[in-house]
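[1] coords below, sequence missing:
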(Lines give C-alpha, C1' and ligand atoms only; values in the text may rest on other atoms or scores of the structure.)
Protein backbone atom coordinates (compact mmCIF):
# COMPACT_ATOMS: atom_id res chain seq x y z
CA UNK A 1 0.00 0.00 0.00
CA UNK A 2 1.24 3.47 -0.89
CA UNK A 3 0.68 6.04 1.83
CA UNK A 4 0.19 9.77 1.33
CA UNK A 5 0.91 12.84 3.41
CA UNK A 6 -2.77 13.03 4.37
CA UNK A 7 -2.57 9.40 5.56
CA UNK A 8 0.29 10.50 7.81
CA UNK A 9 -1.80 13.37 9.22
CA UNK A 10 -4.75 11.07 9.88
CA UNK A 11 -2.95 8.09 11.41
CA UNK A 12 -0.67 10.29 13.50
CA UNK A 13 -3.77 12.26 14.49
CA UNK A 14 -2.01 15.57 13.95
CA UNK A 15 -3.95 18.48 15.42
CA UNK A 16 -2.95 22.10 14.97
CA UNK A 17 -0.72 21.22 12.02
CA UNK A 18 -1.45 24.48 10.22
CA UNK A 19 1.01 27.38 10.59
CA UNK A 20 0.70 29.07 13.96
CA UNK A 21 -1.34 26.21 15.37
CA UNK A 22 -4.20 26.84 17.78
CA UNK A 23 -2.55 30.04 19.00
CA UNK A 24 -3.00 31.62 15.57
CA UNK A 25 -6.55 30.28 15.34
CA UNK A 26 -7.44 31.89 18.68
CA UNK A 27 -6.11 35.24 17.48
CA UNK A 28 -7.99 34.99 14.18
CA UNK A 29 -11.29 34.20 15.89
CA UNK A 30 -10.83 37.01 18.41
CA UNK A 31 -10.28 39.43 15.53
CA UNK A 32 -13.70 38.53 14.14
CA UNK A 33 -15.54 38.59 17.49
CA UNK A 34 -17.73 35.52 17.10
CA UNK A 35 -21.08 35.78 18.86
CA UNK A 36 -23.17 32.96 20.29
CA UNK A 37 -25.53 33.42 17.35
CA UNK A 38 -22.81 32.81 14.76
CA UNK A 39 -22.76 29.68 12.61
CA UNK A 40 -19.37 28.46 11.42
CA UNK A 41 -18.33 25.62 9.13
CA UNK A 42 -14.97 24.11 10.08
CA UNK A 43 -13.87 22.57 6.78
CA UNK A 44 -11.34 19.77 7.16
CA UNK A 45 -11.74 19.74 10.92
CA UNK A 46 -9.17 16.97 11.39
CA UNK A 47 -9.16 15.66 14.95
CA UNK A 48 -11.53 18.43 16.06
CA UNK A 49 -9.12 20.65 17.97
CA UNK A 50 -10.41 23.94 16.53
CA UNK A 51 -14.09 22.97 16.60
CA UNK A 52 -13.80 21.97 20.25
CA UNK A 53 -12.21 25.31 21.08
CA UNK A 54 -14.91 27.28 19.22
CA UNK A 55 -17.75 25.35 20.87
CA UNK A 56 -16.23 25.78 24.33
CA UNK A 57 -15.04 29.38 24.07
CA UNK A 58 -17.79 30.95 21.96
CA UNK A 59 -20.71 28.54 22.48
CA UNK A 60 -21.82 29.19 18.92
CA UNK A 61 -23.06 26.81 16.25
CA UNK A 62 -20.00 25.08 14.80
CA UNK A 63 -20.26 22.35 12.17
CA UNK A 64 -17.08 20.26 11.88
CA UNK A 65 -16.52 18.21 8.74
CA UNK A 66 -13.78 16.21 7.07
CA UNK A 67 -13.54 13.61 4.32
CA UNK A 68 -11.00 11.35 6.04
CA UNK A 69 -12.78 8.62 8.06
CA UNK A 70 -9.89 8.30 10.53
CA UNK A 71 -9.97 12.02 11.25
CA UNK A 72 -13.76 11.95 11.62
CA UNK A 73 -13.53 9.10 14.13
CA UNK A 74 -10.84 10.86 16.17
CA UNK A 75 -12.76 14.14 16.14
CA UNK A 76 -15.92 12.45 17.38
CA UNK A 77 -13.96 10.66 20.10
CA UNK A 78 -12.62 14.05 21.22
CA UNK A 79 -16.12 15.58 21.25
CA UNK A 80 -17.45 12.66 23.30
CA UNK A 81 -14.58 12.91 25.79
CA UNK A 82 -15.24 16.63 26.24
CA UNK A 83 -19.04 16.10 26.37
CA UNK A 84 -19.53 18.52 23.48
CA UNK A 85 -22.72 18.35 21.40
CA UNK A 86 -20.78 18.10 18.15
CA UNK A 87 -20.56 15.49 15.42
CA UNK A 88 -17.96 15.55 12.66
CA UNK A 89 -19.61 15.01 9.30
CA UNK A 90 -18.22 13.30 6.21
CA UNK A 91 -18.00 16.07 3.63
CA UNK A 92 -15.98 16.85 0.52
CA UNK A 93 -14.96 20.53 0.32
CA UNK A 94 -15.41 20.40 -3.46
CA UNK A 95 -19.07 19.30 -3.19
CA UNK A 96 -20.63 20.24 0.15
CA UNK A 97 -24.07 18.89 1.04
CA UNK A 98 -25.23 22.02 2.89
CA UNK A 99 -27.94 24.36 1.61
CA UNK A 100 -27.11 27.72 0.09
CA UNK A 101 -26.52 30.53 2.60
CA UNK A 102 -26.16 28.24 5.63
CA UNK A 103 -23.20 29.77 7.51
CA UNK A 104 -21.89 33.09 8.76
CA UNK A 105 -18.30 31.87 8.57
CA UNK A 106 -16.32 29.19 6.75
CA UNK A 107 -12.97 28.33 8.33
CA UNK A 108 -10.22 26.60 6.35
CA UNK A 109 -6.93 25.91 8.13
CA UNK A 110 -4.44 24.62 5.55
CA UNK A 111 -7.22 22.53 4.05
CA UNK A 112 -8.29 24.15 0.79
CA UNK A 113 -4.85 23.76 -0.74
CA UNK A 114 -5.48 19.99 -0.82
CA UNK A 115 -8.62 20.54 -2.92
CA UNK A 116 -9.40 21.73 -6.40
CA UNK A 117 -9.79 25.43 -5.62
CA UNK A 118 -12.01 26.07 -8.63
CA UNK A 119 -14.58 23.85 -6.88
CA UNK A 120 -14.00 24.29 -3.14
CA UNK A 121 -13.84 28.08 -3.07
CA UNK A 122 -17.08 28.34 -5.03
CA UNK A 123 -18.68 25.90 -2.59
CA UNK A 124 -17.62 28.09 0.34
CA UNK A 125 -19.18 31.11 -1.37
CA UNK A 126 -22.36 29.14 -1.99
CA UNK A 127 -22.89 27.98 1.60
CA UNK A 128 -22.03 31.35 3.14
CA UNK A 129 -24.82 33.78 3.98
CA UNK A 130 -24.85 37.20 2.29
CA UNK A 131 -21.92 39.13 3.78
CA UNK A 132 -20.62 35.84 5.21
CA UNK A 133 -16.88 35.59 5.77
CA UNK A 134 -14.28 33.07 4.64
CA UNK A 135 -11.30 32.74 6.98
CA UNK A 136 -8.45 30.79 5.40
CA UNK A 137 -4.95 30.04 6.64
CA UNK A 138 -3.23 28.64 3.56
CA UNK A 139 0.22 27.88 2.21
CA UNK A 140 1.72 30.14 -0.45
CA UNK A 141 4.83 29.81 -2.55
CA UNK A 142 7.33 32.51 -3.36
CA UNK A 143 7.37 33.57 -7.00
CA UNK A 144 11.08 32.63 -7.07
CA UNK A 145 10.31 28.93 -6.60
CA UNK A 146 11.30 26.91 -9.65
CA UNK A 147 8.74 24.90 -11.60
CA UNK A 148 10.56 21.66 -10.77
CA UNK A 149 10.55 22.40 -7.02
CA UNK A 150 6.89 23.35 -7.20
CA UNK A 151 5.99 20.08 -8.94
CA UNK A 152 8.06 18.11 -6.42
CA UNK A 153 6.14 19.62 -3.50
CA UNK A 154 2.78 19.18 -5.19
CA UNK A 155 3.51 15.50 -5.79
CA UNK A 156 4.65 14.84 -2.20
CA UNK A 157 1.85 16.69 -0.42
CA UNK A 158 -0.88 15.92 -2.93
CA UNK A 159 -1.61 19.56 -3.74
CA UNK A 160 -3.56 20.07 -6.99
CA UNK A 161 -1.99 23.53 -7.07
CA UNK A 162 0.58 25.58 -5.14
CA UNK A 163 -0.16 29.27 -5.54
CA UNK A 164 1.53 32.59 -4.93
CA UNK A 165 -0.23 35.25 -2.86
CA UNK A 166 -1.32 37.03 -6.05
CA UNK A 167 -2.73 33.80 -7.51
CA UNK A 168 -4.67 33.09 -4.30
CA UNK A 169 -6.27 36.54 -4.42
CA UNK A 170 -7.24 36.04 -8.06
CA UNK A 171 -8.77 32.62 -7.30
CA UNK A 172 -10.81 34.11 -4.47
CA UNK A 173 -12.10 36.89 -6.74
CA UNK A 174 -13.02 34.41 -9.46
CA UNK A 175 -14.90 32.29 -6.88
CA UNK A 176 -17.21 35.08 -5.76
CA UNK A 177 -15.33 36.83 -2.95
CA UNK A 178 -14.51 40.49 -2.47
CA UNK A 179 -13.02 42.73 0.22
CA UNK A 180 -10.10 40.33 0.30
CA UNK A 181 -7.80 41.17 3.19
CA UNK A 182 -4.48 39.55 4.06
CA UNK A 183 -4.21 39.68 7.83
CA UNK A 184 -0.97 40.10 9.73
CA UNK A 185 -0.97 38.50 13.18
CA UNK A 186 1.33 39.45 16.02
CA UNK A 187 4.38 37.27 16.53
CA UNK A 188 3.10 33.80 17.36
CA UNK A 189 4.89 32.33 20.32
CA UNK A 190 3.61 29.18 22.00
CA UNK A 191 4.39 29.00 25.71
CA UNK A 192 5.96 25.62 26.45
CA UNK A 193 3.48 25.23 29.30
CA UNK A 194 0.49 25.92 27.03
CA UNK A 195 0.48 22.39 25.69
CA UNK A 196 -3.03 22.64 24.28
CA UNK A 197 -1.92 25.35 21.85
CA UNK A 198 0.85 23.28 20.29
CA UNK A 199 0.77 20.55 17.68
CA UNK A 200 -1.02 17.45 18.94
CA UNK A 201 -0.48 13.80 18.08
CA UNK A 202 -3.29 11.29 18.54
CA UNK A 203 -1.66 8.18 17.09
CA UNK A 204 -3.63 5.25 15.80
CA UNK A 205 -2.87 1.92 17.44
CA UNK A 206 -0.83 0.50 14.57
CA UNK A 207 1.12 3.11 12.60
CA UNK A 208 2.96 1.70 9.55
CA UNK A 209 6.71 2.34 9.44
CA UNK A 210 6.33 4.03 6.05
CA UNK A 211 4.57 6.96 7.70
CA UNK A 212 7.68 7.79 9.70
CA UNK A 213 9.47 8.12 6.37
CA UNK A 214 6.80 10.59 5.26
CA UNK A 215 7.35 12.56 8.47
CA UNK A 216 11.09 12.66 7.79
CA UNK A 217 10.51 13.83 4.23
CA UNK A 218 8.10 16.51 5.40
CA UNK A 219 10.68 17.85 7.86
CA UNK A 220 13.29 17.80 5.09
CA UNK A 221 11.08 19.85 2.75
CA UNK A 222 10.15 22.23 5.57
CA UNK A 223 13.82 23.10 6.08
CA UNK A 224 14.82 23.00 2.41
CA UNK A 225 12.07 25.36 1.25
CA UNK A 226 11.75 27.54 4.36
CA UNK A 227 12.68 30.63 2.32
CA UNK A 228 10.29 29.82 -0.53
CA UNK A 229 7.20 28.57 1.32
CA UNK A 230 5.06 30.62 3.63
CA UNK A 231 1.44 31.16 4.52
CA UNK A 232 -1.18 33.88 4.38
CA UNK A 233 -4.32 34.54 6.39
CA UNK A 234 -7.14 35.52 4.05
CA UNK A 235 -10.37 37.13 5.20
CA UNK A 236 -12.98 37.90 2.56
CA UNK A 237 -16.70 38.39 2.05
CA UNK A 238 -19.16 36.85 -0.36
CA UNK A 239 -20.17 39.18 -3.16
CA UNK A 240 -23.79 40.27 -2.96
CA UNK A 241 -25.85 39.05 -5.87
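    Sure, I can see it. What you see is a predicted model, and the numbers here were worked out from it, not measured in a lab.
[2] When you work out contacts or count neighbours from here on, use the C-alpha atoms and nothing else.
    Will do.
[3] Please, where are all the strands along this structure?
    For the chain, the strands defined by DSSP state E cover 14-15, 39-43, 61-66, 89-90, 103-109, 128-141, 177-183, 200-201, 229-238.
[4] rank those by mean pLDDT and give me the bottom one.
    Mean pLDDT is lowest for strand 200-201 out of the strands of the chain, coming in at a mean of 73.
[5] hmm, back to that, quick one: closest of the strands of the chain to residue 2.
    strand 14-15 (19.4 Å; CA to CA).
[6] The closest one pairs with which strands, parallel or anti?
    Its sheet considered, strand 14-15 pairs with strand 200-201 (antiparallel) by DSSP bridges.
[7] Return the residues in contact with the spatially most central residue of the chain.
    Nearest to the geometric centre of the chain sits residue 109, at 2.0 Å (CA atoms, centre = their mean). Counting by CA atoms under 8 Å, 6 or more residues apart in numbering, residue 109 touches 18, 43-44, 136-138.
[8] Kindly report the same for residue 31.
    Per CA under 8 Å, 6+ apart, neighbours of residue 31: none.
[9] run the last query once more with 10 Å
    25, 183, 185 (CA atoms under 10 Å, 6 or more residues apart in numbering).
[10] If you rank the residues you listed by neighbours, which is first?
    residue 25 (22 neighbours; other CA atoms under 10 Å).
[11] okay, that one: pLDDT?
    For residue 25, pLDDT reads 93.
[12] please renumber so the chain begins at 5
    Sure, I'll start counting at 5 from here, so that last one is residue 29.
[13] so how far is residue 218 from the nearest residue to it once chain neighbours are set aside?
    In this structure, residue 29 finds its nearest non-sequential neighbour in residue 54, 7.5 Å apart by CA to CA, 6 or more residues apart in numbering. For residue 54, the distance to residue 218 equals 25 Å [CA to CA, to the nearest Å].
[14] go on, residue 141?
    Distance from residue 141 to residue 218, by CA to CA: 23 Å.
[15] Of the two, which one has the most company?
    Using other CA under 10 Å as the criterion, residue 141 and residue 218 rank with residue 141 on top: 25 against 20.
[16] all helices of this structure, in order?
    Listed in chain order, the helices of the chain (DSSP state H) span 9-16, 25-35, 53-61, 73-85, 121-131, 151-161, 169-178, 213-228.
[17] With distance to residue 238 as added columns, please give those helices in a markdown table.
    As requested, the helices of the chain are exported to a markdown table (distance: least, CA to CA, whole Å):
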| stretch | distance to residue 238 |
| --- | --- |
| helix 9-16 | 23 |
| helix 25-35 | 10 |
| helix 53-61 | 17 |
| helix 73-85 | 25 |
| helix 121-131 | 12 |
| helix 151-161 | 21 |
| helix 169-178 | 9 |
| helix 213-228 | 22 |
